[in-house]
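1. The sequence and its predicted three-dimensional model are supplied below.
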Amino acid sequence: MGLTGGIGSGKSAAAARFRSHGVNVVDADRAARVVVEPGRPALAAIAEHFGPTVIQADGSLDRAALRKLVFDDPTERRWLEQLTHPLIREEIVTSLAASPKTHPAPYSILESPLLIESGQSELVQRVCVVDLPEAMQLARASARDSNTLEQIRKIMAAQLARAARCAKADDILDNSGSLESLNAKVDVLHAKYVQLATQT
Ligand SMILES: CC(C)(COP(=O)(O)OP(=O)(O)OC[C@H]1O[C@@H](n2cnc3c(N)ncnc32)[C@H](O)[C@@H]1O)[C@@H](O)C(=O)NCCC(=O)NCCS
Ligand SMILES: Nc1ncnc2c1ncn2[C@@H]1O[C@H](COP(=O)(O)OP(=O)(O)OP(=O)(O)O)[C@@H](O)[C@H]1O
């Protein structure tokens, strides 16, 4: 199953609840960090393309510096994506393959902000969208991290618009209410996914 939603929509919150039911949740943002770890060829390619300002003194990627460069310039963002997306997909495929041995639930989840945009939805049978009004998304994303409102708006502009994302959904998790109500909705969906996965 694929779990998606824009920045700050509540994917991680929903994923935590699915995990509590024994589901293996593979996180695309985590895979994206792995493929640019020090020593990986992608990090060297990024340093060559963007210059030494995107590498920190300890040799790791300066994520804030790169974030600014790529969300200010769609051409640079596309360059980064053509480099990293195939590697991220490989990392995801490996992690998904490990699911049956490591987790009790009969299905696994790919959590990805760009599930639909990047074509990763080919890797899953169903798409679940965590949905809320864009103003709430902006407010929650800015309360959580150090990005400015302007930066979050730019990131949102690089992602599918709400209506287009929802149009691709098999299931929608409305996260405009409390965390408790999100958890209750996840519990209902989990029961449905168990049933679908165990049907012959
Ligand atoms: C630009 C980078 C270095 C910024 O790192 P940073 O630690 O600040 O952010 P992080 O990776 O945690 O992403 C935060 C959120 O930004 C959004 N986001 C990240 N990359 C993209 C992108 N290419 N397009 C649209 N939104 C994106 C997502 O909602 C994500 O959850 C990093 O996001 C990156 O390498 N992006 C390219 C790889 C990618 O597309 N990752 C998304 C998962 S497939
Ligand atoms: N129903 C809710 N009520 C109040 N706050 C919430 C709710 N759901 C999530 N949040 C908070 O909103 C913020 C964004 O949620 P979360 O980190 O789960 O989103 P995300 O979709 O994983 O974001 P990203 O793509 O940026 O990683 C977090 O600080 C989280 O604690």
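-> Yep, it's here. Ligands and ions are numbered 1, 2, ... in the order given.

2. all contacts plus neighbour counts: C-alpha atoms, from now on.
-> Will do.

3. wait, what's in contact with the nearest residue to residue 166 once chain neighbours are set aside?
-> Distances taken as Cα to Cα, 6 or more residues apart in numbering place residue 129 nearest to residue 166, at 6.5 Å, with adjacent residues excluded. Shown in contact with residue 129 (Cα atoms under 8 Å, 6 or more residues apart in numbering): 3-5, 165-166, 169-173.

4. Now, the residues you listed that are in strands?
-> With strands taken from DSSP state E, the overlap with the contacts of residue 129 comprises 3-4, 171-173.

5. Which one (most neighbours) among the residues you listed?
-> residue 3 (30 neighbours; other Cα atoms under 10 Å).

6. who does that residue bridge with?
-> Beta-bridge pairing for residue 3 (DSSP bridges): residue 111, residue 128.

7. can you give me the helices for this protein?
-> 11-20, 28-34, 41-50, 63-72, 74-97, 99-102, 134-144, 149-157, 162-167, 179-198 (DSSP state H).

8. Tell me which of those helices is the most buried.
-> helix 11-20 (a mean of 18; mean count of other Cα atoms under 10 Å).

9. so what's residue 184 scoring on pLDDT?
-> pLDDT for residue 184: 98.

10. cool, residue 200 as well?
-> Reported pLDDT for residue 200: 62.

11. ditto for residue 77
-> Per-residue confidence (pLDDT) for residue 77: 98.

12. Likewise for residue 174?
-> Reported pLDDT for residue 174: 98.

13. residues contacting the residue lying closest to it once chain neighbours are set aside?
-> Nearest residue to residue 174, sequence neighbours excluded (Cα to Cα, 6+ apart): residue 131, at 5.0 Å. Each residue near residue 131 by Cα under 8 Å, 6+ apart is listed here: 5, 9, 162, 166, 172-176.

14. If we use 6 Å, what do you get?
-> 173-175 (Cα atoms under 6 Å, 6 or more residues apart in numbering).

15. Quick check: residues of this structure near ligand 2?
-> When proximity is defined as Cα under 6 Å from any ligand atom, the chain approaches ligand 2 at 5-13, 113, 140-141, 144, 175, 177-179, 182.

16. any weak-confidence spans in this protein?
-> 99-100, 200 (pLDDT under 70).

17. For the nearest residue to residue 21 once chain neighbours are set aside, grab the count of nearby residues.
-> Counting by Cα to Cα, 6+ apart, residue 21 lies nearest to residue 105, which is 7.1 Å off, once chain neighbours are set aside. Using other Cα under 10 Å, residue 105 is surrounded by 18 other residues.

18. I figured residue 105 was touching residue 25, is that so?
-> No - using Cα atoms under 6 Å, residue 105 is not in contact with residue 25; the gap is 10.5 Å.

19. And residue 129, how close does it get to residue 94?
-> 23 Å (Cα to Cα, to the nearest Å).
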